[in-house]
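> take this sequence and fold it.
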Amino acid sequence: QVQVVESGGGLVQVGGSLRLSCTASGRTFSRYHMGWFRRAPGKDQELVAAISGDTLNTYLEDTVKGRFTISRDNAKNTVYLQMNSLKPEDTAVYYCAVSKRFSRRSHEYDYWGQGTQVTVSS
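Below is the predicted model:
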């Protein structure tokens, strides 16, 4: 069982920045492929960003390209989502998840955190 814990959410004004962090338990963190998903009120869950275990592959959803960056520190068992130039439409609960493969499909992620709320006020 892999424990996944997110942190770093909060309330920020339009144009502001936040950095989300996610730690996952286990000695093989570098083998985990990690994803950040979000669910906004009244909308379906969507993949925001993903990163492979070796960091060679990354994915960013089109609406966050140029604003968000995903990175990881395998020595700290942590993945980050740096969010800049935040917009009201970024308001959502953000979830970190672990997969055995680099994937955009939520059903291929096996372990999930409880989520952290990001609210962008205008």
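> now do the buried residues in stretch 56-68.
Buried residues in stretch 56-68, defined by neighbour count with 16 or more other Cβ atoms under 10 Å: Tyr59, Leu60, Glu61, Val64, Phe68. Where you see a C-beta, it was placed from the backbone N, CA and C, and this is true even at glycine.
> go on, stretch 32-47?
For stretch 32-47, using 16+ other Cβ under 10 Å, the buried residues are Tyr32, His33, Met34, Gly35, Trp36, Phe37, Arg38, Leu47.
> so, low pLDDT: which residues of the chain?
Counting by pLDDT under 70, the chain contains no low-confidence segment.
> which SS state does the spatially most central residue of the chain fall under?
For the chain, the residue nearest the mean C-alpha position is Trp36 (2.4 Å; Cα atoms, centre = their mean). Here Trp36 is strand, with the state taken from DSSP: H, G, I helix; E, B strand; the rest coil.
> that one bridge partners, please.
Residues in a beta bridge with Trp36, per DSSP bridges, are Ala49, Cys96.
> so who does it touch?
With contacts defined as Cβ atoms under 8 Å, 6 or more residues apart in numbering, the neighbours of Trp36 are 20, 22, 47-50, 70, 79, 81, 94-97.
> quick one, strands of the chain?
Along the chain, the segments classed as strands by DSSP state E run 4-7, 10-13, 18-24, 33-39, 46-51, 58-60, 68-73, 78-83, 92-99, 109-112, 116-121.
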